[in-house]
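Visitor: Sequence first, then the predicted structure:
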Amino acid sequence: MTRILIVDDEETIRLALRKFLRSRGYEVEIAGSGDQALQILDKQSFSLMLCDVRMPGMTGVQVVPQARERNPDLAIIMLTAVNDAATATEVLSAGASDYLMKPVELADLQQAVDRALLKQGELIEKRRLDALIRQEVALRTIELEQEKESLRLMSVSIAETLINAMEAKDLYLRGHSQRVAELAGQLAEDMGLDGRLHDVGKIGIREDILNKPDRLTTEEYDHVKRHVQIGLDILAPLFHIAKPLKYIEHHHEHWNGAGYPLGLAGEAIPMGARILCVADTFDALTSKRAYRAPLEPLDALEHLSVDVGKQFDPCVYDALVRVITRRFTPQSAATE
C-alpha cells in the first residue's frame, strides 16, 4: 500500500486530507510541524509527502531538503496559500515536484498525487535500469579484458611457435630469441617487451645465407635486411601484440640514423626497439655463429662500446653494462 505523510500546522486540514486519501486507498500518517515530520521520516518510509509551506518554526521549504536526505525517492507536493511566482520557484527549487493552492480541490489533489507517484516510479525505475546497465557494462568490461588477455597470450604462443620453427633451421640461432627476451626484460622490466618475437622474420631467410661462414655480399645483406618486413608480415594478423611489433619493426634502426628500415634516429626510435637493438647485438656477439667464435660477455661490452652514440642509445648501453657487470663479475658470482 502506498504510504503518504501529511505535514500541516492546521489540524482541520491535516484531518480532512487524511480522510480523503485514506478513502482513496492510501495509508496516511500526519505531522503538525516540520520537526515532527522529520522524526517520523527517521523511523518510517513513505512514497509521498504533502507539506505546507508556511508553518511556525521550521518552514516547509526547510523541511524539504532534510526530508530528501532521509529518503531520496520521496515525492513531495507543497501546499501554499500564497499564489506567486517567487513562492512556486522557492518550493520547486527546494526539491518539490509540484505545489497546490489552498484551499485544495480534492480532484486536483488526486491528480497531483497521481502525477507525483508516477514521476517517482519512473525515476526509481530509471535508477534501477541505470544500475543494471552499469553492472552489465562493468561485467562485460571484465570479460572483454579477459578475452583480450587470452587473445594476447594466444598471439604470443603463435609467435613463439613460429620462432621455434625458425630456430630449428639453424643450430646457431637456437635459444637466441629467449636470451634476447630475458636480457631485454632486465633492461626494461616495466615496458612489457616480448623480445622473443624480434627475429621471427629470419624464418623467411635462405638457409645458405643464415649459415654462410664468409662475409655476405651486398645482395645477400639486402636479403637479410628483409627479415624485418618478413617478420612483420608473418606477425601482422596478431594485432593484439601491436606494441612489440613496433619494437620489432625498428630494432635495426641506429641511434645516428644509419640503420633500417626507415633510418630513424635518436628519440624517434621507440625505446623498446632501442633496447632490443642492444640486447640482440650483445647476444649475437656472445653466441657461436657459423662464421666466428663467441666473445666473452665483458669483452662483448668493450666491443659494443665503440658504437655507443652511433648504433646504440647511450642510456640503454649504460643499462646493459650494469646488468652484464652484475651478472658476470667475480664479485657478483661470489655473492651469489
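Guide: Noted; the coordinates are in hand. Numbers count the residues shown, from 1 in each chain.

Visitor: what's the neighbour count on residue 57?
Guide: 11 (other Cβ atoms under 10 Å). From N, CA and C alone the C-beta is placed, and that goes for glycine too.

Visitor: got the phi/psi numbers for it?
Guide: Dihedral pair for residue 57: phi 70, psi -120, per degrees, to the nearest 10.

Visitor: show me what contacts it?
Guide: Contact analysis of residue 57 by Cβ atoms under 8 Å, 6 or more residues apart in numbering lists 33, 34, 35.

Visitor: Now do the helices in the protein.
Guide: According to DSSP state H, the chain carries its helices in the segments 11-23, 34-43, 60-70, 85-94, 106-168, 176-187, 207-210, 218-225, 227-235, 242-249, 271-285, 297-305, 314-328, 330-335.

Visitor: Let me see the contact set for the nearest residue to residue 254 once chain neighbours are set aside.
Guide: Excluding the flanking residues, the one nearest residue 254 by Cβ to Cβ, 6 or more residues apart in numbering is residue 311, at 4.6 Å. Going by Cβ under 8 Å, 6+ apart, residue 311 touches 254, 255, 256, 258, 259, 277, 281.

Visitor: Throw the helices of the chain into a markdown table and include mean neighbour count, thanks.
Guide: Output for the helices of the chain, formatted as a markdown table (neighbours: other Cβ atoms under 10 Å):
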| stretch | mean neighbour count |
| --- | --- |
| helix 11-23 | 15 |
| helix 34-43 | 17 |
| helix 60-70 | 19 |
| helix 85-94 | 15 |
| helix 106-168 | 13 |
| helix 176-187 | 21 |
| helix 207-210 | 12 |
| helix 218-225 | 12 |
| helix 227-235 | 18 |
| helix 242-249 | 19 |
| helix 271-285 | 23 |
| helix 297-305 | 16 |
| helix 314-328 | 16 |
| helix 330-335 | 9 |
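
Visitor: low-scoring stretches of the stretch 201-336 of the chain, by residue?
Guide: Scanning the stretch 201-336 of the chain for pLDDT under 70 picks out 201-244, 290-291, 330-336.

Visitor: If we use 50, what do you get?
Guide: Confidence mapping of the stretch 201-336 of the chain against pLDDT under 50 gives the ranges 201-207, 209-210, 332-336.

Visitor: Hmm, residue 4 and residue 46 touching each other?
Guide: Yes. Look at residue 46 against residue 4 with Cβ atoms under 8 Å: they come within range, at 6.3 Å.

Visitor: re the thing from before, and which of the contacts of residue 57 is nearest residue 93?
Guide: residue 34 (17.3 Å; Cβ to Cβ).

Visitor: picking that back up, narrow the contacts of residue 311 to those that are buried.
Guide: 254, 255, 259, 277, 281 (16 or more other Cβ atoms under 10 Å).

Visitor: quick revisit: so for residue 264, which of the helices of the chain sits nearest?
Guide: Here helix 271-285 is closest among the helices of the chain (Cβ to Cβ), at 8.4 Å.

Visitor: relative to helix 297-305, how tilted is that closest one?
Guide: Per axes from the mean of the first three to the mean of the last three Cα atoms, to 10 degrees, the angle that helix 271-285 makes with helix 297-305 is 120 degrees.

Visitor: distance between helix 271-285 and the chain's centre?
Guide: Helix 271-285 has its average C-alpha position 31 Å from the chain's average C-alpha position, going by Cα atoms, centre = their mean, to the nearest Å.

Visitor: who are the neighbours of it, in terms of helices and strands?
Guide: helix 176-187, helix 242-249, helix 297-305, helix 314-328 (3 or more Cβ pairs under 8 Å, 6 or more residues apart in numbering; DSSP states H and E).

Visitor: how about those in CSV, adding distance to residue 288?
Guide: Output for the helices and strands packed on helix 271-285, formatted as CSV (distance: least, Cβ to Cβ, whole Å):
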stretch, distance to residue 288
helix 176-187, 11
helix 242-249, 24
helix 297-305, 13
helix 314-328, 18
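
Visitor: surely residue 316 meets residue 187?
Guide: Yes. The pair residue 316 and residue 187 qualifies as a contact (Cβ under 8 Å) at a distance of 6.6 Å.

Visitor: Which residues are in contact with each of those two?
Guide: What both residue 316 and residue 187 touch, as defined by Cβ under 8 Å, 6+ apart, is the set 275, 278.
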